[in-house]
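Predicted model and sequence below, questions to follow.
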Amino acid sequence: MRTILKAGTLILVPENEAEAAELDAWKQDQTGHVFLVARNDGSGLTLRDLGAHEEACREPINVTSMSPDPQIKLISNFAPTPFELDGQSYASVEAFWQGLKFDGLERREVARLAGGTARQKGETKGYGPTVRYQGESIPVGTWAHWALMERACRAKFTQNADAQSALLATGTRPLTHRVRHDSRTIPGTIMAEIWMKLRAQLRPC
């Protein structure tokens, strides 16, 4: 195997058919990987495989219902991941969140809706200064309001094995929630922090 170092690029050139076959088989699994030049006091060079670029460089994952990755969609609030919270069943986290705008029977009806449908229903009714939950009046867009979202997400990820697996599969990579129009009641940065906090708590020791 001939090695060429040129303009900061290390090139491997097979010199026979056996080496060509070996290199071809090896590079199939290493495409897109990051390598570290390890300290070597001799005249040689050691490269250590750090894994896929996305993992090694901890590239952020944008969690949205529009993600092309089905696993990431499972993490999003729109995902059809039924859960129960305080004796009420919800079809999705979005159904819980949008349902807070309503009272009584309407809230229970929204609770049964899928994520996108729940959002559409919620858009027909704007927020007032507060929402009521469990007999308490909670100011909209405050930590107390966001704590309700965290409780709903916790219920979802503890009660739905597929959703929990999808969340844990993101490893330690940063999560973001960048959408076309950021929410004025729960900004994307807060939503991402909730997911990462729950991921850390749910990760096996």
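Perfect, I can see it now. Numbering: from 1, shown residues only.

helix or strand for the residue lying closest to residue 199 once chain neighbours are set aside, which one?
Excluding the flanking residues, the one nearest residue 199 by C-beta to C-beta, 6 or more residues apart in numbering is residue 167, at 5.2 Å. The way it works is simple: take the backbone N, C-alpha and C, and place the C-beta from them, glycine included. Take DSSP states H and E as the rule and residue 167 turns out to sit in helix 161-168.

if I've got this straight, residue 36 is in a strand?
Yes - according to DSSP: H, G, I helix; E, B strand; the rest coil, residue 36 belongs to a strand.

what's the neighbour count on it?
Using other C-beta atoms under 10 Å, residue 36 has 11 other residues around it.

now do the one 3 residues further on
Neighbourhood size, residue 39 [other C-beta under 10 Å]: 6.

Need the phi and psi values for the spatially most central residue of the chain.
For the chain, the residue sitting closest to the mean C-alpha position, by C-alpha atoms, centre = their mean, is residue 63 at 4.4 Å. Torsion angles at residue 63 (phi, psi; degrees, to the nearest 10) stand at phi -90, psi 110.

Repeat that for residue 157.
According to degrees, to the nearest 10, residue 157 has phi -80, psi -20.

and the gap between the nearest residue to it once chain neighbours are set aside and residue 81?
Leaving aside its sequence neighbours, residue 157 sits nearest to residue 164 (C-beta to C-beta, 6+ apart; 4.7 Å). Look at residue 164 and residue 81: by C-beta to C-beta, to the nearest Å, they are 10 Å apart.

How about residue 47?
42 Å.

between these two, which one's more packed in?
Each of residue 47 and residue 81 has its neighbours counted (other C-beta under 10 Å); residue 81 has more, 25 against 11.

can you give me the strands for this protein?
Assigned by DSSP state E, the chain shows strands spanning 2-6, 9-13, 33-38, 46-52, 61-62, 83-85, 88-90, 130-133, 136-139, 175-176.

Would you mind telling me which of the ones you listed is nearest residue 153?
Closest approach to residue 153 among the strands of the chain (C-beta to C-beta): strand 83-85, 9.2 Å.

Mind listing what's buried along that closest one?
Judged by neighbour count using 16 or more other C-beta atoms under 10 Å, the buried positions of strand 83-85 are 83, 85.

Check which helices and strands it sits against.
Where contact means 3 or more C-beta pairs under 8 Å, 6 or more residues apart in numbering; DSSP states H and E, strand 83-85 is packed against strand 88-90, helix 143-159.

Next up, the contacts around residue 88.
108, 111 (C-beta atoms under 8 Å, 6 or more residues apart in numbering).

Skip the chain neighbours and tell me the closest residue to residue 190.
residue 146 (5.6 Å).

tell me the domain ranges of this protein?
Annotated domains of the chain cover 2-56, 61-202 [automatic domain parsing].

any idea which of those domains is most buried?
Of all the domains of the chain, domain 61-202 has the most neighbours on average by mean count of other C-beta atoms under 10 Å, namely a mean of 16.

Tell me the span between the first and last residue of that domain.
Domain 61-202 has an end-to-end distance of 18 Å (criterion: C-alpha to C-alpha, to the nearest Å).
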